[in-house]
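> heads up, no residue letters with this:
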Ligand SMILES: Cc1cc2nc3c(=O)[nH]c(=O)nc-3n(C[C@H](O)[C@H](O)[C@H](O)COP(=O)(O)OP(=O)(O)OC[C@H]3O[C@@H](n4cnc5c(N)ncnc54)[C@H](O)[C@@H]3O)c2cc1C
Ligand code: FES
């Protein structure tokens, strides 16, 4: 029996409705294109954007005089020589525009004395980070963009649409094939331009700040279609992710703003401060960079001075209750609901996977190297090099989303409608709608197994033996997964969803692992214990392609500011 | 003996053909109902359908189900060391198990 898909067509298909996808949709629609904004989850709720709690970095100059060039300089410094200058420049230069647009659309950036407040954050040379109180930046950003999307004519929204692969005809990207989660039906979407805005990959790790939609789908889609990925080894770990006691109703990265405002002490199991033994004497202030803090905590755990759940203590016991309440208002009550009284107890924290610097290689117009394909947001690699400054990710999502929307709409104007089927269409329809296989796998347990492997062997501290062990596990799991999706293919089929997720997660995990193994040095977020120094020979990017049925890693010189159009 | 939570879960693809299935889940203080449901998926039955994205942040608002007849977020309701009855939202169209059609109509995929 042949499976029949549901078919639809649009000018611009946007995959993912985080800040990047929604910004792209608004821009493309305002330029006259018809947009289909698709998400595997609810619109504007499934990814990192709605979960972000803290700050957005931008040279507004509202707090102290600032210029995008200063922000650019800090961004390049954090990137440890690997940032793509054109992308970093775009981010910093156009950031203020987007932040002001968001302000006009009613996001509600915190203000004092009549101006937008800008806070200091590690790595920035001056107060540059805007936010929405209390810990409400992401929800406010997401709500503002959802409202704007709803008011913009020409945007169709489609939730519960999990994009499985891009469609290709004669070397061009002509849309995508999807699984409609509600019905289990394959969907064929024809589009003149397609934007990947699927966010990052941190669900690959056991300890993460990810949603269940952050398994790196966009990277896998791009690879299989023939686009290149860059800097895949650079996964940013957030050093003080919440570990214990179990805290619900709040994302595990919630301690950072407490540290910004109040300092706080990192302690080992002997209740001693330890970062000074790793070269950073904090003295109650929050000055340690993310990579240095992750390293120090993991080393304490390795030395047997970890907390019961395998991390460090974070203590605010020295801070008076009134000061805690002033800084955090209602958040203190939410902590109390979880049995956490910061005046009486420390909490346990540990490094968790938080953001991906690497991603799809694009030019400054967000073109992803294949005609018809664009990318935006965290799905893009290169702007942040080997390490990202805090606050740059949401700015990147706005700016790159806007640019991608504009470029895609411009392409639409130059493209004729072509109704011929894509080369890979039939095969994808058959796969997405395949009948239930004989063999039954525990797909949910496989996801956990992969997450444990990545956490232990491709985490914040890496070496040759661990990385090779991870590769072997990934290869054997890939063989196990096979070519036929699990599940019955009906509505909300969790086993089919898991299977499709694993198909992507295993490919992307392999890309990260291969790049980490090849880079025999320590730089930014990549810490190789067997190669602890930064090497001048490695002042280059690594590009990954899917070639002849396997992944190929190649070195490439970092683009110079002059090779790239600004 | 360590404590367990007993989750009695409605399962099925149409309202009239459903049934309850009961699972014992190890109870750890502070966990959410969603933690329990995810545990069932990895340890017993990966086909158990439940909608969620953010897991901890209570930001996506996708995990609404009914607990003993009352609407809750699975990710913020606490697991209890007793029997808890979990059913899909009774005022929404059923998709499967605990999953219902919750998106506002303009955000649903419609084939032209
Ligand atoms: C908890 C947390 C806190 C953060 N805090 C900050 C902060 O304070 N400041 C900052 O600058 N950055 C922060 N970040 C990083 C920042 O939020 C993200 O980098 C940024 O929001 C990414 O936006 P995006 O639009 O690229 O992707 P996302 O917002 O992640 O959106 C991606 C969307 O794509 C969808 N999707 C994925 N795969 C598919 C598929 N196959 N088919 C269809 N749809 C798909 C997802 O469901 C999701 O809705 C934080 C991240 C996290 C996780
Ligand atoms: S899982 Fe996101 S709100 Fe419950």
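Cool, the structure landed. Treat the numbers as computed from the prediction; the structure is a model and nothing was measured. Residues are numbered from 1 along each chain as shown, chains lettered A, B, ... in the order given. Ligands and ions are numbered 1, 2, ... in the order given.
> list the buried ones in stretch A:311-318?
Within stretch A:311-318, the residues scored as buried using 16 or more other CB atoms under 10 Å in any protein chain shown are A:311-316. For glycine as for every other residue, the C-beta is placed from the backbone atoms N, C-alpha and C.
> quick one, strands of chain B?
B:4-11, B:19-26, B:64-67, B:70-73, B:83-87, B:94-96, B:99-100 (DSSP state E).
> Let me have these in JSON lines, extended by mean pLDDT, distance to residue A:284 and mean neighbour count.
Formatted as JSON lines, the strands of chain B follow (pLDDT from 0 to 100; distance: least, CB to CB, whole Å; neighbours: other CB atoms under 10 Å in any protein chain shown):
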{"stretch": "strand B:4-11", "mean pLDDT": "98", "distance to residue A:284": "41", "mean neighbour count": "19"}
{"stretch": "strand B:19-26", "mean pLDDT": "97", "distance to residue A:284": "39", "mean neighbour count": "14"}
{"stretch": "strand B:64-67", "mean pLDDT": "98", "distance to residue A:284": "42", "mean neighbour count": "20"}
{"stretch": "strand B:70-73", "mean pLDDT": "98", "distance to residue A:284": "36", "mean neighbour count": "14"}
{"stretch": "strand B:83-87", "mean pLDDT": "98", "distance to residue A:284": "44", "mean neighbour count": "17"}
{"stretch": "strand B:94-96", "mean pLDDT": "98", "distance to residue A:284": "51", "mean neighbour count": "23"}
{"stretch": "strand B:99-100", "mean pLDDT": "98", "distance to residue A:284": "48", "mean neighbour count": "23"}
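> hmm, back to that, out of the buried residues of stretch A:311-318, who's nearest ligand 2?
Using CB to the nearest ligand atom, residue A:311 comes nearest to ligand 2 of the buried residues of stretch A:311-318, at 23.4 Å.
> Grab the nearest non-local neighbour of the closest one.
Closest residue in space to residue A:311, ignoring its immediate chain neighbours: residue A:350 at 3.1 Å, by CB to CB, 6 or more residues apart in numbering or on different chains.
> and that neighbour, what element?
Per DSSP states H and E, residue A:350 falls inside strand A:347-356.
> coming back round to it: include distance to ligand 2 when you put the strands of chain B into CSV, please.
Output for the strands of chain B, formatted as CSV (distance: least, CB to the nearest ligand atom, whole Å):
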stretch, distance to ligand 2
strand B:4-11, 17
strand B:19-26, 17
strand B:64-67, 8
strand B:70-73, 5
strand B:83-87, 14
strand B:94-96, 16
strand B:99-100, 13
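> Which of those strands sits closest to ligand 1?
strand B:99-100 (15.8 Å).
> State the phi and psi torsions of the residue in chain B that chain A sits nearest to.
Proximity of chain B to chain A (CB to the nearest CB) peaks at residue B:30, 3.4 Å away. When read as degrees, to the nearest 10, the backbone of residue B:30 gives phi 90, psi -10.
> wait, it sits on residue A:249?
No. Judged on CB atoms under 8 Å, residue B:30 makes no contact with residue A:249 at a distance of 11.1 Å.
> Let's test this: mean pLDDT of stretch A:497-510, rounded?
What stretch A:497-510 shows for mean pLDDT is 98.
> for stretch A:206-221, that is, sorry about that
Averaged over stretch A:206-221, pLDDT sits at 97.
> circling back: so does the strand holding residue A:350 get close to ligand 1?
Yes. Using CB under 6 Å from any ligand atom, strand A:347-356 comes into contact with ligand 1 via residue A:355.
> just checking, next helix/strand downstream of that strand?
Taking DSSP H and E, what comes next after strand A:347-356 is strand A:359-360.
> which outside residues touch that next one?
With contact meaning CB atoms under 8 Å, 6 or more residues apart in numbering or on different chains, strand A:359-360 is reached by A:196, A:200, A:218-219, A:222, A:227-232, A:368, A:375, A:378-382.
> Quick check: next helix or strand after it?
Following strand A:359-360 toward the C-terminus (DSSP H and E): strand A:373-375.
> which strands and helices sit next to the next helix or strand after that next one?
Going down the chain from strand A:373-375, the next helix or strand is helix A:392-414, by DSSP H and E. Identification of packing neighbours for helix A:392-414 by 3 or more CB pairs under 8 Å, 6 or more residues apart in numbering or on different chains; DSSP states H and E yields strand A:6-15, helix A:19-30, strand A:55-57, helix A:85-104, helix A:137-151, strand A:185-196, strand A:373-375.
> Need these in TSV (columns: mean neighbour count and mean pLDDT).
Output for those, formatted as TSV (neighbours: other CB atoms under 10 Å in any protein chain shown; pLDDT from 0 to 100):
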stretch	mean neighbour count	mean pLDDT
strand A:6-15	24	98
helix A:19-30	30	98
strand A:55-57	28	95
helix A:85-104	21	98
helix A:137-151	21	97
strand A:185-196	27	98
strand A:373-375	30	98
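> To chain B, which of these lies closest?
strand A:6-15 (4.3 Å).
> That closest one and ligand 1, are they touching?
Yes. If you take CB under 6 Å from any ligand atom as the test, strand A:6-15 does meet ligand 1, through residue A:15.
> So in that sheet, which strands flank that strand, and in what orientation?
strand A:35-38 (parallel), strand A:185-196 (parallel) (DSSP bridges).
> From the chain's centroid, how far away is the first one?
Spelled out, that is strand A:35-38. 20 Å (CA atoms, centre = their mean, to the nearest Å).
> The longest one too?
On the basis of CA atoms, centre = their mean, strand A:185-196 is displaced by 22 Å from the centre of the chain it belongs to.
> Find residues that contact each of residue B:30 and residue A:249.
Contacts common to residue B:30 and residue A:249, judged by CB under 8 Å, 6+ apart, are residue A:338.
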